[in-house]
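Participant: sharing a model prediction with you, sequence too.
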Amino acid sequence: MAKINSLVSLSSLSGIDPDLLDELGVVDVLLNADTSLFIDPLLLDNSIHYEINKKAVISYEDKFKKIMKFLNASQQENDPPWKAALKEFNFSEVSYTCLGYSSSINGSGWGVKLIKSTIKVAKQIIDLGVEDKDFFMGLALFEEGIGPDRISDMTTNIILHDLLEFTFRVNQHLKIPSKKFKIKNSKTEIEALINPVTDGPLILVPSDIVRALPIVTDWSEIGGAARHNDELREKLNSKIGGLWTSMTRIEKDIAKASALRSKSAFEEVLELIRYIDKLPYDSKLDKNGEFFWRDIVKSIQKDHPLDLSEFKKDNITEEDFIKLVNTIIYPMDFKMHRDGKGANPREHR
């Protein structure tokens, strides 16, 4: 039978308490799997951390100002300024934050086809006369293929050095060892913390810049914002036909074409995005259960310490395995019933 593996969180490392991570404002990620949260660039301004609300904001703005400058200068597709814009948008795959949807901790990255199509639409937006630094967020709202992972990966790339600065500041309290790493598919070398599970780089992320979904990919919030602002809804209805809580690909294409007809129409889209509350994921409320098991396990370790020494052997049988599972589950099931978390142990996942 294969060796039994378990999920390892940052707070499960020796000497690191979840309360300390909360105090430092660090996401308590899983070190050997992705935590389903995403960095949202629209939250950078409101972060309490100087490395983010000042430095990362400047890094993000400078990146898109540079892309806008090249696209403004471009006279036709594939001329030198166009190619320069493409180069600026070619983000390396950075998976060291342990955030995202994938089952492993490898990033999703941007493919050549998606980069080219995105730059084409960006050029259309620039040619409308839009000069807003957040123009990409309006683009991402409609462009097929730009999902939560890619927005988060893109932002990580752009603010990488600011995240590293944040990481090393808070690591003064965490004392995680570090060393130099070469970024995958890049000549860049960085000093980063060592992920003790994978032996790869680890970059810590502030908890106030992550969401369950980036704002521009969460159609329920976008549709809700439009519904609750009469003036904004009327403008959107007249300019691009409205935005609803969910849209099919065809409806997105129609809305996108309408938004790209004029500068004012596209700016109405940006106004809608800005109207939405810029709230990070609430780890205390934890609606998606990202940290639920961490708290359960911590409580069980304290109230019901387990002796699993009898299972530390090379040849574990099926009977041993079942006994091990029951030994672990019993205190967890007892705690959940005691705390009123569930009615039937078989209903727990």
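Facilitator: Cool, got the structure.

Participant: ok, which stretches of the stretch 51-200 of the chain are strands?
Facilitator: Secondary structure of the stretch 51-200 of the chain by DSSP state E, counting those that start in this stretch: the strands cover 178-182, 189-194.

Participant: for the shortest one, buried residues please.
Facilitator: Taking 16 or more other CB atoms under 10 Å as the basis for neighbour counts, the residues of strand 178-182 that come out buried are Ser178, Phe181. Bear in mind the C-beta positions are built from the backbone N, C-alpha and C, glycine included.

Participant: what lines up beside it in the sheet?
Facilitator: Under the criterion DSSP bridges, strand 178-182 sits next to strand 189-194 (antiparallel) in its sheet.

Participant: then the partner strand to PDB, C-alphas only?
Facilitator: What follows is strand 189-194, C-alpha atoms only, in PDB (Å, rounded to 0.1, in the frame of the first residue of the first chain):
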ATOM      1  CA  GLU A 189      17.100  34.300  -9.500                       C
ATOM      2  CA  ILE A 190      15.300  35.200  -6.300                       C
ATOM      3  CA  GLU A 191      16.000  34.700  -2.600                       C
ATOM      4  CA  ALA A 192      12.900  33.000  -1.100                       C
ATOM      5  CA  LEU A 193      11.800  31.000   1.900                       C
ATOM      6  CA  ILE A 194      12.200  27.200   1.600                       C
END
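
Participant: and that strand, which residues are buried?
Facilitator: Across strand 189-194, burial judged by 16+ other CB under 10 Å covers Ile190, Ala192, Leu193.

Participant: repeat that for stretch 150-158.
Facilitator: Here stretch 150-158 shows Arg150, Ile151, Ser152, Asp153, Met154, Thr155, Thr156, Asn157, Ile158 as buried, counting by 16+ other CB under 10 Å.

Participant: and stretch 13-28, average pLDDT?
Facilitator: What stretch 13-28 shows for mean pLDDT is 90.

Participant: before we move on, what about stretch 124-135?
Facilitator: 91.

Participant: follow-up on the earlier one: and the strands of the stretch 51-200 of the chain: which comes nearest Tyr275?
Facilitator: The closest of those to Tyr275 is strand 189-194. By CB to CB, the value is 36.9 Å.

Participant: after the closest one, next one along is what?
Facilitator: strand 201-202 (DSSP states H and E).

Participant: next structured bit after that following strand?
Facilitator: Next helix or strand after strand 201-202 toward the C-terminus (DSSP H and E): strand 210-211.

Participant: domain assignment for this structure?
Facilitator: 10-275, 307-348 (the TED database).

Participant: and those, which is most packed in?
Facilitator: Mean neighbours per residue, mean count of other CB atoms under 10 Å, is largest over these for domain 10-275, with a mean of 18.

Participant: OK, contacts around Trp132?
Facilitator: Not quite, residue 132 is Asp, not Trp. Taking CB atoms under 8 Å, 6 or more residues apart in numbering as the contact definition, Asp132 lies against Glu267, Leu270.

Participant: next, give phi and psi for it.
Facilitator: Asp132 adopts backbone torsions of phi -70, psi 130, taken as degrees, to the nearest 10.

Participant: start the count at 37, not 1, going forward
Facilitator: Okay, using 37 as the starting number, the last item reads as Asp168.

Participant: name the nearest residue to Ala109, ignoring sequence neighbours.
Facilitator: Residue nearest to Ala109 in three dimensions, not counting chain neighbours: Pro117, with 4.0 Å by CB to CB, 6 or more residues apart in numbering.

Participant: I'd guessed the one you found sits against Leu107; true?
Facilitator: Yes - Pro117 lies in contact with Leu107 (CB atoms under 8 Å); the separation is 7.1 Å.

Participant: re earlier: Val93 is nearest to which of the strands of the stretch 87-236 of the chain?
Facilitator: strand 225-230 (20.7 Å).

Participant: what's next to that closest one, contact-wise?
Facilitator: By CB under 8 Å, 6+ apart, strand 225-230 touches 132, 196, 200, 203-204, 207, 212-219, 236-240.

Participant: going by residue numbers, what spans are helices in the chain?
Facilitator: For the chain, the helices defined by DSSP state H cover 54-60, 86, 93-109, 116-124, 148-163, 171-178, 184-194, 196-210, 255-263, 266-276, 285-295, 299-311, 328-339, 354-374.

Participant: save these as CSV, and put in distance to Tyr317 too.
Facilitator: Below are the helices of the chain laid out as CSV (distance: least, CB to CB, whole Å):
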stretch, distance to Tyr317
helix 54-60, 13
helix 86, 21
helix 93-109, 20
helix 116-124, 29
helix 148-163, 26
helix 171-178, 18
helix 184-194, 12
helix 196-210, 17
helix 255-263, 13
helix 266-276, 25
helix 285-295, 25
helix 299-311, 18
helix 328-339, 13
helix 354-374, 23
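
Participant: I figured Val206 hits Leu240, correct?
Facilitator: Yes - look at Val206 against Leu240 with CB under 8 Å: they come within range, at 6.1 Å.

Participant: hang on, the earlier thing: give me every residue that touches the residue nearest to Ala109.
Facilitator: Listed by CB under 8 Å, 6+ apart, the contact set of Pro117 reads Phe106, Leu107, Asn108, Ala109, Ser110, Gln111.
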